[in-house]
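Enquirer: task: produce atomic coordinates for the following.
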Amino acid sequence: MTAPEQVTISEHPRGELVGDPIAVTIRRVALPAVVANLLMTAFHSIDTFWIGRSLGAEALAAVTGSVFWVWLVISIGEMVSIGLDAIAARRHGERRPEDAARTVSDGFVLALLLGAVIAIATPFVLSTLFTMLGTDASVSAIGRKYLGTYFIGMPLIFGFFAVDAAFRAKGDTRTPLVLLTVTTILGLLLDPLLIRGGGPVPAFGVQGAAMATLVPRGLACVAGVWILMRRGMLAWATPRWDVLSRIVQVGAPAAMTGVAFSAIYVLLTRITTQFGTPALAALGLGFRIESVVYVVSVGMGAAVAAIVGQSLGAGDTERASRVGWIATGLVSVIGVATAAVSLFAADSFAGIFSDDPAVIAEAAHYLRIAAFCQLFLGAEVVLESAMGGAGWTVVPMVCSTVITLMRLPVGAWAAAQWGTTGLWWTLAVTAALRGVAMAALWRWGRWRKTTV
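Expert: Take a look at the predicted model:
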């Protein structure tokens, strides 16, 4: 390390992202975010294990169908997270911490309101959601129990998104990691107990799986708010409508990408169900297994978004650009490793989560094909997050949504021609195209000119 670098580091207080060398900043900020996401993936994978092993293929298929609706609703919550992260990070980069704390208050109120709307609407739309999936009566009945329970907790889940974004915008990813570590351990203890029952605790089945997610996340939300207030990073005040509007303007396009992605998967589920319950269960298992590279990329992307936001706030666009490329290279290495595992150990991985031979065979088939897109997934997630950190979200949203929309006509045609093989290849190729598109947009550089 050179002497000027040492001086620069000493001039910037811990928690800011514009003073340290890029490698140091990425390691300090991204590593805890990546570990936090891996923790959540580990929990969901173990949750899938208990559902598949304890409740059978129908429950696994029901939760798989539910997950697409969960993704859609989570994308709405991420609108607040993305918008709050971009704006608060920019305020920190401009050395305006009081305004950043007010922005956190605005974002948290918006998150709670959105979550409450979804919780209230759930009983009225639940049956329709499964009618749209086209699942059979028994799978739909199980799915309604899971999804109905899950959506009741949306205010706390959305609230935690706002809490996480507040810490991340400041450059603190360690505190959310501690919160998630403690609450994930609690969730792992609750999961088999609530699903299978034990002692005085009755067996709740799939409802227990949803409860084991909601209770720990709610506790993390409450604890996070308390910590933010103690550190002066959350200043409660009357919501400012202009700030709420900016949060929505920045976050909505990126959130719409997730909404469109999930909605299209709901329709793809109808295509998948024609091949039977094993195919739908295999689709869910495939997502769980290949999600390692995805969640690493999400963790890296969340950290990169904060670094980009603060760098632009400090006027250092070149640093922001380099951070995006370096982070993409790092997650791509993991993508190569995951692709190799998906190719050569697909049967073994699928067998962990199910003992149904038909489900294992189809899930392994999916994983071998999906190995192709693992090579591009890092670029898609990291660079789209980086552009979100810059506040430039409309063009990436349009580009990603158009490519994702291609899955419907192409997937239906390919499934009619080659069965699940055609459908799985459609998903893999379009995922790869999104990665190439995000890399092209980042290189184009129009995100540099965005103001928030």
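
Enquirer: who are the contact partners of residue 451?
Expert: residue 391 (Cβ atoms under 8 Å, 6 or more residues apart in numbering). (Each C-beta comes from the backbone N, C-alpha and C, glycine too.)

Enquirer: check for me that it belongs to a strand.
Expert: No - using DSSP: H, G, I helix; E, B strand; the rest coil, the assignment for residue 451 is coil, not a strand.

Enquirer: where does pLDDT dip in the stretch 201-350 of the chain?
Expert: Within the stretch 201-350 of the chain, the stretches with pLDDT under 70 are 285-290.

Enquirer: which stretches in it count as helices?
Expert: Along the stretch 201-350 of the chain, counting by DSSP state H, counting those that start in this stretch, helices occupy 206-230, 241-273, 277-313, 317-344, 346-353.

Enquirer: with residue 147 as the reference, name the closest of those helices.
Expert: Nearest to residue 147, of all the helices of the stretch 201-350 of the chain, is helix 206-230, at 7.8 Å by Cβ to Cβ.

Enquirer: same for that closest one, what does it pack against?
Expert: helix 22-55, helix 57-93, helix 137-152, helix 154-170, helix 174-196 (3 or more Cβ pairs under 8 Å, 6 or more residues apart in numbering; DSSP states H and E).

Enquirer: export the helices of the stretch 201-350 of the chain to a markdown table and tack on mean neighbour count and distance to residue 109?
Expert: Output for those, formatted as a markdown table (neighbours: other Cβ atoms under 10 Å; distance: least, Cβ to Cβ, whole Å):
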| stretch | mean neighbour count | distance to residue 109 |
| --- | --- | --- |
| helix 206-230 | 20 | 12 |
| helix 241-273 | 20 | 8 |
| helix 277-313 | 26 | 21 |
| helix 317-344 | 18 | 29 |
| helix 346-353 | 18 | 39 |
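
Enquirer: how much space between residue 60 and residue 363?
Expert: Separation of residue 60 from residue 363 (Cβ to Cβ, to the nearest Å): 10 Å.

Enquirer: with residue 352 instead?
Expert: Distance, residue 352 to residue 363, by Cβ to Cβ: 10 Å.

Enquirer: swap in residue 384?
Expert: Plainly put, residue 384 is 27 Å away from residue 363 if you go by Cβ to Cβ.

Enquirer: same question, residue 406
Expert: Taken as Cβ to Cβ, the span from residue 406 to residue 363 is 24 Å.

Enquirer: neighbour count winner among those two?
Expert: Per other Cβ atoms under 10 Å, whichever of residue 406 and residue 363 has more neighbours is residue 363, with 29 against 15.

Enquirer: the more buried one contacts residue 279, correct?
Expert: No - using Cβ atoms under 8 Å, residue 363 is not in contact with residue 279, being 9.4 Å away.

Enquirer: for residue 64, which of the helices of the stretch 201-350 of the chain is the nearest?
Expert: Closest among those, using Cβ to Cβ: helix 277-313, at 2.9 Å.

Enquirer: and the closest one, what does it pack against?
Expert: Packed next to helix 277-313, using 3+ Cβ pairs under 8 Å, 6+ apart, are helix 22-55, helix 57-93, helix 154-170, helix 241-273, helix 317-344, helix 346-353, helix 357-370, helix 374-390.

Enquirer: how far does it sit from the chain's center?
Expert: 5 Å (Cα atoms, centre = their mean, to the nearest Å).

Enquirer: ok so, going back, of all the helices and strands packed on helix 206-230, which lies closest to residue 331?
Expert: Among the helices and strands packed on helix 206-230, helix 22-55 comes nearest to residue 331, with 8.7 Å by Cβ to Cβ.

Enquirer: show me what counts as buried in the closest one.
Expert: 22, 25-26, 28-41, 43-55 (16 or more other Cβ atoms under 10 Å).

Enquirer: got the contact list for stretch 262-276?
Expert: Here stretch 262-276 has contacts from 64-65, 68-69, 71-72, 75, 132-136, 279-280, 283, 358, 404-405, 407-408, 411-412, 415, 419-420, 423, 427, using Cβ under 8 Å, 6+ apart.

Enquirer: now stretch 362-376
Expert: By Cβ under 8 Å, 6+ apart, stretch 362-376 touches 278-279, 281-283, 285-286, 289-290, 293, 332, 335-336, 338-340, 342-343, 346-347, 349-350, 353-354, 420-421, 424-425, 427-429, 431-436.

Enquirer: tell me which residues touch the residue nearest the centre of the chain, please.
Expert: Against the mean C-alpha coordinate of the chain, by Cα atoms, centre = their mean, the closest residue is residue 298 at 6.2 Å. For residue 298, the contact set (Cβ under 8 Å, 6+ apart) comprises 37, 381, 385.

Enquirer: one step back: pull out the buried residues from the contacts of stretch 262-276.
Expert: Buried members of the contacts of stretch 262-276, scored by 16+ other Cβ under 10 Å, are 64-65, 68-69, 71-72, 75, 132-135, 279-280, 283, 404, 407, 411-412, 415, 420, 423, 427.

Enquirer: I'd guessed residue 405 sits against residue 260; true?
Expert: Yes - applying Cβ under 8 Å as the test, residue 405 and residue 260 come out as touching, 7.2 Å apart.

Enquirer: circling back to that earlier point, Serialize the helices of the stretch 201-350 of the chain to CSV and add fields for distance to residue 400.
Expert: Output for the helices of the stretch 201-350 of the chain, formatted as CSV (distance: least, Cβ to Cβ, whole Å):
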stretch, distance to residue 400
helix 206-230, 27
helix 241-273, 5
helix 277-313, 13
helix 317-344, 16
helix 346-353, 27
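
Enquirer: out of the ones you listed, the one nearest residue 193 is which?
Expert: helix 206-230 (7.6 Å).

Enquirer: what about residue 401, distance to residue 39?
Expert: For residue 401, the distance to residue 39 - Cβ to Cβ - is 30 Å.
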